[in-house]
Structure formats: structure tokens, C-alpha cells
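Q: Pasting the sequence and the predicted model now:
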Amino acid sequence: MESTRIRLAKPAGFLVGLGAVLALTVGALPAWHLPRGTGSNGADLTVATGPTGELGIPIGPFVRGNDLRPGGDTAEGTIPVRNQTGTDLAVTVRAMPSIPDLDDLMMVEVSAGLRSVYRGTLAGLVVGSGQAFLLDPGQTRALAVRAWLPSSVSEGYQNRIEDVTLAFDVQAPGA
């Protein structure tokens, strides 16, 4: 008699445990549900620097923006730029994007210290900042870059991945 109870208790205990697990799992399923997406991603942007001879600049990415959407977040970063020469330098900045898709859509602002050297589209920065910032020998300035998609943009930014390299053009002031 005792052995019959034990034989029946094991499967019964298993079924009770299995029922408890199923009840908890079914009750937890709504919490595990991921919200539905919009079906498209915003733009991803990375801005990096490359080596230069006259300027001491950390090489690599310093601005990253993921899922950028019009009127939404901005991608921002700051990097030190140092004059490694023994003469004064006038420095301008150019953008070299990996694809042209965002050139006319993406807005960019570049400043060196308190001085704004460019504000406009990425396409305009491909041509160059136009405005130079001056560096005395050994002087370091923080170069800040901010990029965003204006709220007026409605199409063409979705699922774009843009890698931009900043190039620095240097010359003696007044040259």
C-alpha cells in the first residue's frame, strides 16, 4: 500500500510542478513581448579623424549617433586639436563622407573653442568649412562637432549608415 502511494505521488508531484511552471510561463508571456517597431531605422552616423602631419589629433571615431531621426537627437563629440609645428597655423575642416545619401539632409555644426567655423549641410562641409581657426605653436583647441537631421526632412535618411572622416587643411595665416 505504501509503495502504491509513493508510485502515484511521484507522477502527481511532477504534474503539479509542470502545471505551476506552465501557469507562470503563460502569465509572464506578455512581459516578454517586445514592442513592435516602425519598420524602419533612422540614420547612423560616425565621425572620425585620420592622421595629419602638422596637427596632433587622436585618430579614430569621436562622434557616434544611432537611429537619428528628423527633429530628434543629435550626434555630438569633441576632440583636441594641437599645433605640433613651430609656426602659426590656420586650420580649415573638410568632410569626406562614405556615401552621398545624407549629404543634403544632415546638418553639421563645427566649432573650435568658442569660434564657430561651420554650420550647414554635410554637403557644404564636403567643400570645406571656409572659416579657419588659428593655432599658435603648441596650442591645443577643442574641436566640437554636432550633427542632426532637421525636422523638415521626411524621407531619404532611413536605414542609412554614414561614416565621415574629417580632413584638416593647414596653412600659414594669410597665405
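A: That came through fine. Numbers count the residues shown, from 1 in each chain.
Q: all strands for this protein, in order.
A: 43-49, 55-56, 60-68, 75-83, 89-97, 107-112, 115-121, 133-135, 140-148, 161-171 (DSSP state E).
Q: what's next to the first one, contact-wise?
A: Taking contacts as Cβ atoms under 8 Å, 6 or more residues apart in numbering, the residues outside strand 43-49 that touch it are 57-69, 75, 77, 79, 102, 106, 145, 147, 149, 157-166, 168. (C-beta placed from N, C-alpha, C; glycine too.)
Q: If we use 7 Å, what do you get?
A: Among residues not part of strand 43-49, those counted as contacts by Cβ atoms under 7 Å, 6 or more residues apart in numbering are 57-66, 68, 75, 77, 79, 102, 145, 147, 149, 157, 160-166.
Q: hmm, which of these are the buried ones?
A: Among the contacts of strand 43-49, those buried by neighbour count (16 or more other Cβ atoms under 10 Å) are 57, 62-63, 65, 68, 75, 77, 79, 102, 145, 147, 149, 157, 160, 162, 164, 166.
Q: Skip the chain neighbours and tell me the closest residue to residue 135.
A: Once its chain neighbours are removed from consideration, residue 135 has its nearest residue in residue 83; the separation is 3.8 Å (Cβ to Cβ, 6 or more residues apart in numbering).
Q: Can you verify my assumption that that neighbour contacts residue 139?
A: Yes. Taking Cβ atoms under 7 Å as the definition, residue 83 is a contact partner of residue 139 at 5.3 Å.
Q: The two: which has the busier surroundings?
A: residue 83 (21 against 13; other Cβ atoms under 10 Å).
Q: related to what we said a few turns ago, can you tell which of the strands of the chain is closest to residue 127?
A: The stretch from these with the least distance to residue 127 (Cβ to Cβ) is strand 89-97; that distance is 7.4 Å.
Q: can you list the residues that contact that closest one?
A: With Cβ under 7 Å, 6+ apart as the test, strand 89-97 has contacts from 54, 81, 83, 103, 110, 117-118, 122, 125-126, 128-130, 132-135, 162, 164-171, 173.
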